[in-house]
Structure formats: structure tokens, C-alpha cells
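[1] Just to be clear, the model below is a prediction. Sequence and coordinates:
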Amino acid sequence: MQQDSKRMEILRKAMEIEAAEKGYYEKAAAAAENPIAKKLFERLAFEEDAHAKKFRELEAQLGKSADWPAGEAPSWEGKELKLVFAGLKSASPQDVKVAKTELDAMQAAMGRELQAYDMYRTRSEESTSPAEKRFYQVLAGEERMHHLALLDSYEYLTDPAGWFTVKEKWTLEG
């Protein structure tokens, strides 16, 4: 019984986190002027909304049965986030302009994503249900990808030439 109450407590907290993240990203996207930042925030808002919907479905299902239902957490395996960066290879590093507020939003979001990652990873380790364990592992992976996409964007926007050097393996020959 205590396991069921802990499970529902985590679900409710996760719903709150995902809804807050969606709102945060929607607000950041609306304020963003840089197209990369805007697209990234919009995509993250979409993914956090999908997570929140899945948690609401789980809450309803667990209200009817104590068994964790079969099924996976929503996962795009970073495919859609990679599309945000698809046009960067043709961009000129000198043309990158970004507002401090966009960078601040990315830094704050990175911390938030790591907190969600830690919570889901911890719940995965605590759970005795294989289906629940797997669900939270997938979700932790999604949150980790969000963090890495934010970090990559931040690095690109703060040092485009350095980003190209690392990502495109540019070298100087002398």
C-alpha cells in the first residue's frame, strides 16, 4: 500500500513538473528572437506536453488498477531535436545573434531538465515493477536529451565558431 501511495505521489509531482516545463518553454519561445532558440523551446514545450498527457493517462489507469500498465513513455530519441540543428551547417558563425535573456532561459532550463532527470532516474531505481522501471528509464533518457540539446544550443549561440570547430571537426593546418 505504501508503494502505491509513493507511486501516485511521484505521478502527481511529475505532472506538475511537466506542465510547468511546458509553460516555461512556451513563454521562452514567445520571447525568443533567435530562430534556433525559438524552435528549440517550441519543440521542448511539445515534448513536455506529451509527457504530461502520458502521466494523466497513467493516473487514470492506476486509479482503476494497482498494476502499472504496459506501454512506454513518449520518446523521440532526440530525432526531432536534431532537426533544430539541421540548418546550422550552412549558417555563418558571424551571423549568429542571440539575446542574453535567451541564454539565461537556456541555462535555467538545463538545471530544470537535470532535476527531472534525477527524479525519474531515482524512481526507476526504486520501483519494483519492471514496467514502471522501464517507463521511468525512458523518461529519464528523454530529459537527459533535453538537457544535452539545451547545452548544445547554448554552446552554439555563445561561441558559434568554437561550436563549428568541435562539431564539424574543423582544424587549422600550418
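    All right, it came through fine. Bear in mind the structure is a predicted one, so any value in this text is a computation, not a measurement.

[2] counting contacts, what elements does the lowest-mean-pLDDT helix or strand in the chain pack onto?
    Using mean pLDDT, DSSP states H and E, helix 79-84 stands out as the lowest-scoring helix or strand of the chain, at a mean of 76. Other helices and strands packing on helix 79-84, by 3 or more C-beta pairs under 8 Å, 6 or more residues apart in numbering; DSSP states H and E, are helix 35-64, helix 130-158. Using the backbone N, CA and C atoms, a C-beta is placed for each residue, glycine as well.

[3] ok, for the residue nearest the centre of the chain, nearest residue in space, not its chain neighbours?
    The centre of the chain sits closest to residue 146, judged by C-alpha atoms, centre = their mean, with a distance of 2.9 Å. Counting by C-beta to C-beta, 6 or more residues apart in numbering, residue 113 is the residue found nearest to residue 146 once chain neighbours are left out, at 4.6 Å.

[4] Which pLDDT does the model give that neighbour?
    Predicted confidence (pLDDT) for residue 113: 96.

[5] buried ones in the strand or helix carrying it?
    Residue 113 belongs to helix 100-126 when assigned by DSSP states H and E. The neighbour-count check on helix 100-126 (16 or more other C-beta atoms under 10 Å) flags 102-103, 105-106, 109-110, 112-113, 116-117, 119-121, 123-124 as buried.

[6] What is that helix packed up against?
    Against helix 100-126 (3+ C-beta pairs under 8 Å, 6+ apart) you get helix 2-31, helix 35-64, helix 130-158.

[7] any idea of the angle it forms with helix 2-31?
    160 degrees (axes from the mean of the first three to the mean of the last three C-alpha atoms, to 10 degrees).

[8] what sits against residue 21?
    44-45, 48, 112-113, 116 (C-beta atoms under 8 Å, 6 or more residues apart in numbering).

[9] ok, so of the residues you listed, who is nearest residue 78?
    Residue 78 has its nearest neighbour among the contacts of residue 21 in residue 44, at 11.7 Å by C-beta to C-beta.

[10] still on that earlier bit, can you redo the helices and strands packed on helix 100-126 as TSV, where the extra columns are mean pLDDT and distance to residue 166?
    Formatted as TSV, the helices and strands packed on helix 100-126 follow (pLDDT from 0 to 100; distance: least, C-beta to C-beta, whole Å):
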stretch	mean pLDDT	distance to residue 166
helix 2-31	91	25
helix 35-64	90	17
helix 130-158	92	8
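
[11] and these as CSV, adding distance to residue 71?
    Output for the helices and strands packed on helix 100-126, formatted as CSV (distance: least, C-beta to C-beta, whole Å):
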stretch, distance to residue 71
helix 2-31, 14
helix 35-64, 8
helix 130-158, 8
